[in-house]
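Novice: I'd like to go over a predicted model; first the sequence, then the structure.
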Amino acid sequence: MNVLVILLSGQHIPNLLSVEAVKPDKIAYVETEDMKKSRAWSNLEKALEISNIKVEAESFQLKEENSINAIKRIFTKIKDQFCDDDITVNLTGGTKLMSIGAYDVFKDTSAQMIYKPFRYVNEFVDLEKDCKVKFKSDLSIRQFLRGYGYEISESDEEIENHLKDCSILFDLSLYIAENHNINAIRGCISNLTRINAGRNSGDLIIDISDGLRTSDVTLKKFLVGHLGMRSLNEEILHGRLSRKVVRFLTGEWLEIFIWGLLDKFSMDLGFRNPLHSLTILKRNESGVTKNELDVVFLKGTKFCIVECKTGKQNADEDASNVIYKLKSIMEQTRALDVGSYLVTTSDNIIGIDGNIKRHIASRMDEYGVNIIQSRDVRNFALAYRKRNFLQLKRDLSKFFK
């Protein structure tokens, strides 16, 4: 029998990946009182179930986590109980003292001892052979979040269908991204936002009297040719728009543009599982914590959150609300490695020198938030349209580091 020994901690990814790599017949997990209270094993087990991994498991309770003798007794018990089996010990989790104790007990046995570098998904280090070992893993965002006690509200089927809709709208998002600062487009979107105010349910019926118009030929061609609107005197637009299309035109276009780029170049850039518009939930004794995320992806084992903002953002001129939201999510997940990004077309954050205002840039640096501003969005779109993919990939890699 192949037995995997793991040391539970608040970071489940190294243990989850070691199960995928070793494919054990049984898991022996060592947990402290704190890990038992935080349901660390239960969360890891549910994350494994997402990949249809079900393994027999046995708990070994460590009552005195600061006692090296107590730690050694636990691992000696595991060693003796599974003396006739093939044992692999993952030293990555637990406390430093637990790792030292486990190594000391198993170092003179035939057990394989491994260490999982946190950033790398598909490899671990064999300590005895002093070499890296590659393995296959399909770590997903759902698994990542589930191990921290979060659920994704949307089903896999709902996510797949939504991303298909996003793909259909990508070309229009590309055009708006390149031209969002042109008056004919900016004015049309601003007017649509005005017309939509107070009409937040069902399709949006736009009458001639609403005065929606644009002189931009390409945008009008999309609206009439692809989205079913009609035009009067070649400029005034009227007709019916679905709620999804209204959300897209009044701001979601930026989210879909960024998601589309990350998705198209994910293999080249090492981005995993880019998703758009997720609702994540965490249940606890005080109720349910809910967060809506614009764009998310994994870079190695780093969880990356992208917040997208269009328009003037007069209610949040210094981006305080965005910073608070991103900081809050980072703290709630308790993940060691989280990347947070703000993509914005708002001019309110730009100073007279054309750069991000110093006080805003300082706050972003303080909280580790990377900013992609209006000119960067336009440059991304220009590079894509001109098929300058090498430069585009360099830029995406630089901004989403």
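Specialist: Everything's here; your move.
Novice: ok, then the element right after the lengthiest helix in the chain?
Specialist: Selection of the longest helix in the chain by residue count, based on DSSP state H, yields helix 156-179. Sequence-wise, the next helix or strand downstream of helix 156-179 (DSSP states H and E) is helix 183-196.
Novice: per-residue confidence at the residue nearest the centre of the chain?
Specialist: For the chain, the residue nearest the mean C-alpha position is residue 296 (2.9 Å; Cα atoms, centre = their mean). On the pLDDT scale, residue 296 is placed at 96.
Novice: and it, that one's in a strand?
Specialist: Yes. Assigned with DSSP: H, G, I helix; E, B strand; the rest coil, residue 296 falls within a strand.
Novice: How about the contacts made by it?
Specialist: Residues in contact with residue 296 (Cβ atoms under 8 Å, 6 or more residues apart in numbering) are 141, 274-275, 278, 303-306. (Glycine included, C-beta is placed from N, CA and C.)
Novice: Out of these, the closest to residue 246 would be?
Specialist: Nearest to residue 246 among these: residue 278, at 20.4 Å, using Cβ to Cβ.
Novice: so where's this protein shaky on pLDDT?
Specialist: Applying pLDDT under 70 to the chain flags the ranges 312-319, 332-336.
Novice: need the next SSE after the helix or strand containing residue 293, C-terminal direction.
Specialist: According to DSSP H and E, residue 293 maps onto strand 287-299. Downstream of strand 287-299, the first helix or strand assigned by DSSP H and E is strand 302-309.
Novice: Whichever helix or strand comes after that next one to strand 302-309, inter-axis angle?
Specialist: Heading C-terminal from strand 302-309, the first helix or strand you meet, by DSSP H and E, is helix 320-333. Helix 320-333 and strand 302-309 meet at an angle of 160 degrees, taking axes from the mean of the first three to the mean of the last three Cα atoms, to 10 degrees as the criterion.
Novice: In terms of secondary structure, what does helix 320-333 contact?
Specialist: On a contact count with 3 or more Cβ pairs under 8 Å, 6 or more residues apart in numbering; DSSP states H and E, helix 320-333 meets strand 287-299, strand 302-309, strand 338-344, helix 358-366, strand 369-372.
Novice: hmm, 6 Å instead?
Specialist: Counting contacts by 3 or more Cβ pairs under 6 Å, 6 or more residues apart in numbering; DSSP states H and E, helix 320-333 packs against strand 338-344.
Novice: coming back round to it: out of the contacts of residue 296, who's the most crowded?
Specialist: When neighbours are counted by other Cβ atoms under 10 Å, residue 306 leads these with 25 neighbours.
Novice: Might one say that it is in contact with residue 341?
Specialist: Yes. Using Cβ atoms under 6 Å, residue 306 is in contact with residue 341, at 4.6 Å.
Novice: quick revisit: next, the buried residues of the strand holding residue 293.
Specialist: Across strand 287-299, burial judged by 16 or more other Cβ atoms under 10 Å covers 291, 293-299.
Novice: Domain boundaries for the chain, per the record?
Specialist: As given by automatic domain parsing, the domain ranges for the chain are 2-139, 158-248, 254-399.
Novice: quick one: residue 256 from residue 306, how far?
Specialist: Distance of residue 256 to residue 306, given as Cβ to Cβ, to the nearest Å: 12 Å.
Novice: And for residue 66?
Specialist: In terms of Cβ to Cβ, residue 66 sits 41 Å off from residue 306.
Novice: re earlier: redo the buried residues of strand 287-299 as a markdown table? Include distance to residue 100.
Specialist: Formatted as a markdown table, the buried residues of strand 287-299 follow (distance: Cβ to Cβ, whole Å):
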| residue | distance to residue 100 |
| --- | --- |
| 291 | 37 |
| 293 | 38 |
| 294 | 43 |
| 295 | 41 |
| 296 | 36 |
| 297 | 35 |
| 298 | 31 |
| 299 | 31 |
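Novice: of these, closest to residue 174?
Specialist: Nearest to residue 174, judged by Cβ to Cβ, of those is residue 295 at 15.5 Å.
Novice: Identify the bridge partners of the closest one.
Specialist: residue 276, residue 306 (DSSP bridges).
Novice: check contacts around it.
Specialist: 255, 258-259, 276, 306 (Cβ atoms under 6 Å, 6 or more residues apart in numbering).
Novice: excluding its backbone neighbours, what's nearest residue 218?
Specialist: Closest residue to residue 218 apart from its sequence neighbours, by Cβ to Cβ, 6 or more residues apart in numbering: residue 175 at 6.0 Å.
Novice: could you check the distance from that neighbour over to residue 10?
Specialist: Distance, residue 175 to residue 10, using Cβ to Cβ: 45 Å.
Novice: These two: who's more crowded?
Specialist: Between residue 175 and residue 10, residue 175 has the larger neighbour count (other Cβ under 10 Å), namely 20 against 15.
Novice: Quick check: of the buried residues of strand 287-299, which lies closest to residue 76?
Specialist: residue 298 (37.6 Å).
Novice: Looks like the closest one contacts residue 272 (just checking).
Specialist: Yes. In this structure, residue 298 is within contact of residue 272 by Cβ under 6 Å, at 4.1 Å.
Novice: how far out from the middle of the chain is stretch 149-157?
Specialist: Counting by Cα atoms, centre = their mean, to the nearest Å, stretch 149-157 is centred 13 Å from the centre of its parent chain.
Novice: For that stretch, output the C-alpha coordinates as CSV.
Specialist: Taking Å, rounded to 0.1, in the frame of the first residue of the first chain, the C-alpha atoms of stretch 149-157 are listed here in CSV:
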residue,chain,number,x,y,z
GLY,A,149,-13.5,27.3,2.6
TYR,A,150,-15.0,29.2,-0.4
GLU,A,151,-17.6,28.0,-2.9
ILE,A,152,-18.2,29.4,-6.4
SER,A,153,-21.9,30.2,-6.8
GLU,A,154,-21.9,29.3,-10.5
SER,A,155,-21.8,25.7,-11.7
ASP,A,156,-19.2,24.5,-14.2
GLU,A,157,-21.9,24.4,-16.9
